[in-house]
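Novice: Structural data only, the sequence is not supplied:
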């Protein structure tokens, strides 16, 4: 089991441009205590971990592992959304920026968009102010498109698909955006509309 290290505490504190005194004031403890933690002459009590994480603006999991993500999409433009898929249960997590998410006991990597290929070509037709999205793709229990999504600057429309369905759906046109398709074996694909 991992536990917070002095190196991580110091790195996170400095990343926030905070002195040891400022952090200790926020936590209502002495600055000597912060110094002991950072020089590894002591460790924070488990009862202080949640408050320490809050003061450093990270999750408890990020504090304990030292793996933290910076959400550079502070304006929450949905076209910059990130997707995470659990390889064990298939849960899909969508966020407005990078984060640290876990499911079934594992930390999920952010999905990267794959290069276009003919096997994963997303077909889009505009019909009466709606996008009809479809793909010619296998939909077996072993190989299928898990979801389709349409992101504009302020909205995300999402359709979960299952094996043995057709890969098709309708999205209400909301302006310029990006349509995503996720293949459970080959990854994330997109097309701009």
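Specialist: Done, it's in. These numbers come from a predicted model, not from an experiment.

Novice: Please count neighbours and contacts with C-alpha atoms only from this point.
Specialist: Will do.

Novice: what stretches of the chain score poorly on pLDDT?
Specialist: For the chain, the stretches with pLDDT under 70 are 1-2, 68-76.

Novice: tell me what the longest helix along it is packed against?
Specialist: Secondary structure assigned by DSSP state H gives helix 6-15 as the longest helix of the chain. On a contact count with 3 or more Cα pairs under 8 Å, 6 or more residues apart in numbering; DSSP states H and E, helix 6-15 meets helix 31-38.

Novice: circling back: quick check: angle from the helix or strand that the longest helix of the chain is followed by to helix 31-38?
Specialist: Counting by DSSP states H and E, the next helix or strand C-terminal to helix 6-15 is helix 20-27. For helix 20-27 against helix 31-38, the angle by axes from the mean of the first three to the mean of the last three Cα atoms, to 10 degrees is 110 degrees.

Novice: and helix 20-27 with helix 6-15, angle?
Specialist: Using the same axes, to 10 degrees: helix 20-27 against helix 6-15 is 90 degrees.

Novice: who touches helix 20-27?
Specialist: Helix 20-27 is contacted from outside by 13, 30-31, 33-35, 51-52, 55, using Cα atoms under 8 Å, 6 or more residues apart in numbering.

Novice: Can you point out the buried residues in it?
Specialist: For helix 20-27, a neighbour-count test (16 or more other Cα atoms under 10 Å) marks 20-21, 23-24, 27 as buried.

Novice: Relative to residue 79, which of those is nearest.
Specialist: residue 23 (35.6 Å; Cα to Cα).

Novice: Just want the phi and psi numbers for the residue lying closest to residue 78 once chain neighbours are set aside.
Specialist: Excluding the flanking residues, the one nearest residue 78 by Cα to Cα, 6 or more residues apart in numbering is residue 153, at 5.0 Å. Here is the backbone geometry of residue 153 (degrees, to the nearest 10): phi -60, psi -30.

Novice: hmm, back to that, let me know the closest of the buried residues of helix 20-27 to residue 188.
Specialist: Distances from residue 188 to these, taken by Cα to Cα, are shortest for residue 23, at 40.9 Å.

Novice: Can you give me the neighbour number for the nearest residue to residue 186 once chain neighbours are set aside?
Specialist: Leaving out its chain neighbours, the residue that sits closest to residue 186 by Cα to Cα, 6+ apart is residue 114, at 8.0 Å. If you count neighbours by other Cα atoms under 10 Å, residue 114 ends up with 13.

Novice: now residue 16
Specialist: Residue 16: 13 surrounding residues under other Cα under 10 Å.

Novice: so it sits right up against residue 56, yeah?
Specialist: Yes: contact criterion Cα atoms under 8 Å: residue 16 and residue 56 qualify, at 7.3 Å.
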